[in-house]
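*Asks:* return a 3D structure for these sequence lines:
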Amino acid sequence: MINLKPSLKTFFLVLSTLLFLSNPSLADDENYSPLDSPSFFEGLNTFTAVFSQIKQQYVDEVDDETLFNNAIRGLIEGLDPHSSLLEPVDQSKVSESTSGQFGGLGIVIGTKGDFIEVVSPIDDTPAYRAGLKAGDIILQIGDQNVNQINLEEGVKLMRGAPGTSIKLTIGRPDVAPFVVEITREIITITSAKGLLIDDGIGYLRIAQFQRPTAEVVEDIIADLVEKNEGNLDSLIIDLRNNPGGLLDSSIDIANLFIDEPGIVVYTEGRTPSANISFPTKRGDILNGAPIVVLMNVGSASASEIVAGALQDHKRAIIMGEESFGKGSVQSMMALEDGYGLKLTTARYFTPSGRSIQAKGISPDIELDNTSWKNDEEEEDSIDFSSQEKDLKNSLIAQDEDEVAPEDPTEMSPEEILKSQDEITDARDQEFIDLLLGDYYVHEAVNVLKALKIYQKE
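*Replies:* Numbering: from 1, shown residues only. Presented below is the predicted three-dimensional model:
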């Protein structure tokens, strides 16, 4: 006789949830039970028969809990790449990416066939500095072949104590598989940063959508307006390799630049609770100044929501590559015994009704992912991770060619502040020069300058 352990309760809870969500007509029936469904018992009979054969004849003895957990994972992970079972130990990690600090390599991943795909590396993380790119396929993690494990197991293998390292075997189109050794770090994400890169042209880099990102963006724009000594003429919003983040954050940021009634995004699912529209809130902090949004294949989820909203409201020109196409909604559901269920329950649609899922956002102006410089100059192309030190308010190391007084106390506070400002300005200018050497940014500046000339005429 089979002993009914906690995993069996979890198994029935998951089945109940999936059956309930699969039938919208049951959404208002609080008394619904899968035990009322004849097809449930037909499937359960097959499951019981397979379970019994494994217990009796499998080459090794397998405990009930392992079999039930395997069954639950197969049940959920067979649905789509984003639905998964969260074990009790994983529940505490759910909010790590939204709090802005966690341990690991610094990549957002998904599944592609039997392997793990890099959706995007996160700015200034070990994975970014190691040269991983959006679209890379992870073939092996250490000595473990990825096609023999699931996504959650892959995440566990890549996580570890800061200072320890892991070898990844990477597959990339037109390149022989290669091995990269990456040292783990505590990942601290700077969600947004900005600079005034030309007369009246602001540059805003959003790396991920976290809880405070909208407020950070407002502060950045206000600072750029102050530096410009007046309203910005135009703005570049760089969403390349931004894997997404919080829905609320993306909606708040889109609303910073939209000044007309309508919606930012809406969702459609099979239950009434999954059908939601998120309205615009009037108030454009740029006062209608032109915007160019830069995207590539590493731009996903919340990035696509922002780009799609600004594009549909004719508020921005989208430049770059077609985005990743992650347009599904995952809902978190608590189960017994500390387990959790992350389940895809709806799809995202842009204001005009375009589905983001598996389609992405198509750019208004398509750009190749290349550099506008020649081969000799290409080494100077932009590298965000190596340039974060150049941004405003960062801690600055003193270079050998920067002369400081032997006794800093001999300088007045005003002189000290002026000296620090001069150093920061020099760093910013160096970073701006590198930004203008980035092909995407270079082309965006050209478009914005052309728009400015056209508007004057």
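
*Asks:* residues near Glu443, how many?
*Replies:* 17 (other CB atoms under 10 Å). (Glycine included, C-beta is placed from N, CA and C.)

*Asks:* give me the distance from the host helix or strand of it to the chain's centre.
*Replies:* Using DSSP states H and E, Glu443 falls within helix 439-456. Distance of helix 439-456 from the chain centroid (CA atoms, centre = their mean, to the nearest Å) equals 28 Å.

*Asks:* and that helix, what does it pack onto?
*Replies:* Secondary-structure packing of helix 439-456 (3 or more CB pairs under 8 Å, 6 or more residues apart in numbering; DSSP states H and E): strand 192-198, strand 201-206, strand 234-238, strand 291-295, strand 317-320, helix 413-436.

*Asks:* any idea which of those is most buried?
*Replies:* strand 291-295 (a mean of 27; mean count of other CB atoms under 10 Å).

*Asks:* quick one: that one to helix 439-456, angle?
*Replies:* Strand 291-295 runs at 160 degrees relative to helix 439-456, counting by axes from the mean of the first three to the mean of the last three CA atoms, to 10 degrees.

*Asks:* circling back to that earlier point, buried ones in the helix holding Glu443, by neighbour count?
*Replies:* Tyr439, Tyr440, Val441, His442, Glu443, Ala444, Val445, Val447, Leu448, Lys449, Leu451, Lys452 (16 or more other CB atoms under 10 Å).

*Asks:* residues touching the residue positioned nearest the centre of the chain, list them.
*Replies:* By CA atoms, centre = their mean, the chain has its centre lying nearest to Pro243, at 1.9 Å. Going by CB atoms under 8 Å, 6 or more residues apart in numbering, Pro243 touches Val108, Val119, Ser120, Ile122, Gln208, Gly298, Ala300, Ser301, Ser303.

*Asks:* narrow the residues you listed to those in helices?
*Replies:* Ser303 (DSSP state H).

*Asks:* just the contacts of Pro243 now: which is nearest Ile291?
*Replies:* Ser303 (14.4 Å; CB to CB).

*Asks:* OK, contacts around the closest one?
*Replies:* By CB under 8 Å, 6+ apart, the residues touching Ser303 are Ile206, Phe209, Leu239, Asn242, Pro243, Gly244, Ser250, Met295, Ser323.

*Asks:* now with 6 Å, please.
*Replies:* Residues near Ser303 by CB atoms under 6 Å, 6 or more residues apart in numbering: Leu239, Asn242, Gly244.

*Asks:* Leu448 now?
*Replies:* Ile201, Ser234, Pro290.

*Asks:* quick check: the second one vs Gly194, distance?
*Replies:* Taken as CB to CB, to the nearest Å, the spacing of Ser234 relative to Gly194 amounts to 13 Å.

*Asks:* what are the bridge partners for Leu86, then?
*Replies:* Gly340 (DSSP bridges).

*Asks:* quick one: the helices in the chain?
*Replies:* Under DSSP H, the chain gives helices at 6-21, 38-57, 64-77, 88-91, 96-99, 126-129, 151-158, 213-228, 247-255, 302-312, 384-387, 413-436, 439-456.

*Asks:* please identify which of those is closest to Ile138.
*Replies:* Judging the helices of the chain by CB to CB, what sits closest to Ile138 is helix 151-158, at 7.2 Å.

*Asks:* having no further points to raise, I will conclude here.
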